[in-house]
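Chemist: sequence first, predicted model second:
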Amino acid sequence: RQTGTVETDAEKHDVEYLTPISIGTPPQDLIVDFDTGSSDLWVFSTEMAAKDIKGQAVYDPNNSSTSEKLQGSTWQITYGDGSSSSGDVYLDTVTIGNLTVPNQAVEAAKKVSDEFTDDPNNDGLLGLGFSSINTVQPTPQNTFFDNVKKNLDTPLFTTDLKHGAPGSYNFGYIDPAAYIGNISWTPVDNSQGFWGFTSPGYAVGTETLRNHSISGIADTGTTLLLLPKSIVKAYYSEVQGAQYDSSQGGYVFPCSPTPPDFVFGVNNGIVTVPGDMVLYAPIDSANQNCFGGIQSDTGIGFSIFGDVALKTSFVVFDAGGLQLGWAAK
Ligand SMILES: O=C([C@@H]1CCCNC1)N1CCCCC1
């Protein structure tokens, strides 16, 4: 049985976290977005039109002696932000850190939307959601994690995303040096294919936790913390000068003073999103006003605990116990 670890680097403003993987023989190195909110491993490829590739590394299945076309299989995915991609499928060797999966379904893109073309550092996505929502037709394929699980000491992975610094994804073990205090565990509802859970409540600043169930998913591929409109309104009502700016598509507020912390419950524990993490990014060159890291989840149907929430914590995605563990660090 094995364990593995791989470093992940934050892009500017922690908008996404990019992680190196290798595909094929000899290994082709790509850097992709590990996404616990989806379940397809897809990459830019030589099957795309040149105009849709702007700086990304591409997977060339013809240059891999271990690639094998999954005849008749195709995939198409549309993400919550409207971005999309599609293509066909190869089985090939995929290595992450010291972990290798032979015959991993690698979804080669033939088309990608502009959001991906215009993101030069991102060569694709590696889904760490549940394989039940993999988009390959006619036969959905397993995620890397589902394939490597049987070889791991224990079927879990952990995330340690950081603000503006390299973090890590670990597979098969919980590193006791990576967190402080106790891990708060909460059951996972994977019925929609996501790492879903329900938080019992929240607090603004130093107030006591308000009882208010928040059902959402832990999504490393979403940048912000997207919560019910009523909670977002309650939070920003305590932020001086905060207002909803439709031109920016969310709440903005003066970058100083630092806004209050946002706290959410995980079982009997709490997770604190420091006020300076809610200061997501300046919206003007004079850095006067900032876009909030907490925004509304309206229209999605559930909340999304994205990177703004995840980077405050060491999080255990436990497929064995079907539970999420959150710890301070
Ligand atoms: O497309 C997404 C996200 C987009 C950002 C990257 N992670 C996946 N979904 C998660 C929320 C429900 C709809 C599907």
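Modeler: Arrived safely, thanks for sending.
Chemist: when you work out contacts or count neighbours from here on, use the C-alpha atoms and nothing else.
Modeler: Will do.
Chemist: is whichever residue of the stretch 101-250 of the chain sits closest to the ligand in a helix, a strand, or coil?
Modeler: The stretch 101-250 of the chain approaches the ligand most closely through G221 (3.7 Å), counting by C-alpha to the nearest ligand atom. Judged by DSSP: H, G, I helix; E, B strand; the rest coil, the three-state class of G221 is coil.
Chemist: these two touch, right, it and T36?
Modeler: Yes: under the criterion of C-alpha atoms under 8 Å, G221 lies in contact with T36, with a separation of 6.5 Å.
Chemist: residues in contact with the residue of the stretch 101-250 of the chain closest to the ligand?
Modeler: The neighbourhood of G221, defined by C-alpha atoms under 8 Å, 6 or more residues apart in numbering, consists of E16, Y17, D33, F34, D35, T36, G37, G306, D307.
Chemist: since we're on the fourth one, how many residues are nearby?
Modeler: F34 has 25 neighbours, counted by other C-alpha atoms under 10 Å.
Chemist: beta partners of it?
Modeler: Note on F34: beta-bridge partners by DSSP bridges are L126.
Chemist: quick one: the helices in the stretch 1-150 of the chain?
Modeler: Per DSSP state H, counting those that start in this stretch, the stretch 1-150 of the chain carries helices over the ranges 114-117, 144-148.
Chemist: tabulate those (a markdown table), appending distance to G299.
Modeler: Output for those, formatted as a markdown table (distance: least, C-alpha to C-alpha, whole Å):
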| stretch | distance to G299 |
| --- | --- |
| helix 114-117 | 21 |
| helix 144-148 | 30 |
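Chemist: closest to S132 out of these?
Modeler: helix 144-148 (10.7 Å; C-alpha to C-alpha).
Chemist: and the closest one, what does it pack onto?
Modeler: strand 99-112 (3 or more C-alpha pairs under 8 Å, 6 or more residues apart in numbering; DSSP states H and E).
Chemist: let's see 10 Å
Modeler: Helices and strands touching helix 144-148, as assessed by 3 or more C-alpha pairs under 10 Å, 6 or more residues apart in numbering; DSSP states H and E, comprise strand 84-96, strand 99-112, strand 124-127, strand 156-160.
Chemist: up against the ligand, what does the stretch 151-300 of the chain have?
Modeler: Contact residues (C-alpha under 6 Å from any ligand atom) of the stretch 151-300 of the chain with the ligand: D219, G221, T222.
Chemist: and if we set it to 8 Å?
Modeler: F194, I217, D219, T220, G221, T222, T223, I300 (C-alpha under 8 Å from any ligand atom).
Chemist: who wins for neighbours among those residues?
Modeler: T220 (28 neighbours).
Chemist: that older thread, reformat the residues of the stretch 151-300 of the chain next to the ligand as TSV; add pLDDT.
Modeler: Shown next, in TSV, are these (pLDDT from 0 to 100):
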residue	pLDDT
F194	98
I217	99
D219	98
T220	98
G221	98
T222	98
T223	97
I300	95
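Chemist: out of those residues, which comes closest to D92?
Modeler: G221 (23.9 Å).
Chemist: how much space separates the closest one from S39?
Modeler: 11 Å (C-alpha to C-alpha, to the nearest Å).
Chemist: between these two, what contacts are shared?
Modeler: Overlap of the contact sets of G221 and S39 (by C-alpha atoms under 10 Å, 6 or more residues apart in numbering) consists of L125, L126, G127, L128.
Chemist: the last one against D35, yeah?
Modeler: Yes: under the criterion of C-alpha atoms under 10 Å, L128 makes contact with D35 at 5.6 Å.
Chemist: which one's more surrounded, these two?
Modeler: Set L128 next to D35 and count neighbours by other C-alpha under 10 Å: L128 wins out with 27 against 22.
Chemist: need phi/psi at that one.
Modeler: When quoted as degrees, to the nearest 10, the phi and psi of L128 stand at phi -120, psi 20.
Chemist: find me the pLDDT at S285, would you?
Modeler: Here the pLDDT value assigned to S285 is 86.
Chemist: just to be sure, it is in a helix?
Modeler: No: checked against three-state DSSP, S285 lies outside a helix; its state is coil.
Chemist: so how far is the first residue of stretch 160-172 from its last?
Modeler: Using C-alpha to C-alpha, the end-to-end distance of stretch 160-172 comes out at 14 Å.
Chemist: what is the rounded mean pLDDT of that stretch?
Modeler: Here the average pLDDT along stretch 160-172 is 95.
Chemist: circling back to that earlier point, need the winner for burial among the helices of the stretch 1-150 of the chain.
Modeler: Neighbour counts (mean count of other C-alpha atoms under 10 Å) averaged over each of the helices of the stretch 1-150 of the chain peak at helix 144-148, with a mean of 21.
Chemist: can you pull the contacts of the residue most central in space within the chain?
Modeler: Nearest residue to the geometric centre of the chain (C-alpha atoms, centre = their mean): T220, 1.6 Å. Going by C-alpha under 10 Å, 6+ apart, T220 touches 16-17, 33-38, 127-129, 159, 161, 304-311.
Chemist: hmm, 8 Å instead?
Modeler: F34, D35, T36, G37, G306, D307, L310.
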